[in-house]
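>>> predicted model, plus sequence, below.
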Amino acid sequence: MSQLHALSPAQPTHAAVPASRVKPKWLHLRRPLAAFPFTRPLSLPRVRSLPAARSCSALAFFDLKGGKGMSGFHDVEFKVRDYELDQYGVVNNAVYASYCQFARFELVERIGVSIDAVVRSGDALALSELSLKFLAPLRSGDRFVVKVRISGSSAARLYFDHFFFKLPNQEPILEAKGTVVWLDKNYRPVRIPPEVRSKIVQFIRHEDSRLQREINGTDYVAEDPLV
């Protein structure tokens, strides 16, 4: 019996602890506070809004379908050549930028501003933005017209609209918007020279008046579109 008693597991020992010494601990599942308190709501920085470009009001009266009512635009006709096609037999997308550039230069020359004279002065007219919206393809031998206008301006920039129509059915082909910036000899934006702005204003006023007479047969004095 003494051997069996020695091999038996030890009896657990219980110790009584006074209730006053027991300090319960609770688990608090709270979101940690931020490292720094916000004493007042955050306010967004103030952004000064830029003035919107003024557009030519009278030139805005046009119907894109068929190019009707677009007499205020300068028209330049083209014919698609074989080397302008891609592997799918249609005009390569990059070629349309060249069409737009040629049409803009033709318009500027018609206004009375010589690109060669601008280059000789050390300044430059540089394209800063061009967006194209393709509506239908052009193929070899297709004839089409590009209608281009100055739609607005800022101190150093001119904004152009371009619309392509296939001939002779006037099917819409492409819409494009371009921004041209006037640069000095260091290729930094500068204000458009006053004599150039004057020629542009006179041209747009003339086109506005002519278009308005075509619309209602009355004399019309256009506002200054570049102010």
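Here it is on my side, so go on. Numbers count the residues shown, from 1 in each chain.

>>> what does stretch 173-186 contact?
64, 96, 100, 104, 122-138, 144, 151, 156-166, 189-193 (C-beta atoms under 8 Å, 6 or more residues apart in numbering). In short, each C-beta sits where N, CA and C put it, glycine included.

>>> buried set for that stretch?
For stretch 173-186, a neighbour-count test (16 or more other C-beta atoms under 10 Å) marks Ile173, Leu174, Ala176, Gly178, Thr179, Val180, Val181, Trp182, Leu183 as buried.

>>> counting neighbours, which bits of the longest helix anywhere in the chain end up buried?
Counting by DSSP state H, the longest helix found in the chain is helix 194-216. Taking 16+ other C-beta under 10 Å as the basis for neighbour counts, the residues of helix 194-216 that come out buried are Val196, Arg197, Ile200, Val201, Phe203, Ile204, Arg205, Glu207, Asp208, Leu211, Gln212.

>>> pull out the buried positions in stretch 105-123.
Along stretch 105-123, the positions that meet the burial threshold by neighbour count (16+ other C-beta under 10 Å) are Leu107, Val108, Ile111, Val113, Val118, Asp123.

>>> quick check: end-to-end length of it?
Terminal residues of stretch 105-123 lie 15 Å apart, using C-alpha to C-alpha, to the nearest Å.

>>> pLDDT (mean, whole number) over it?
Across stretch 105-123, the average pLDDT comes to 94.
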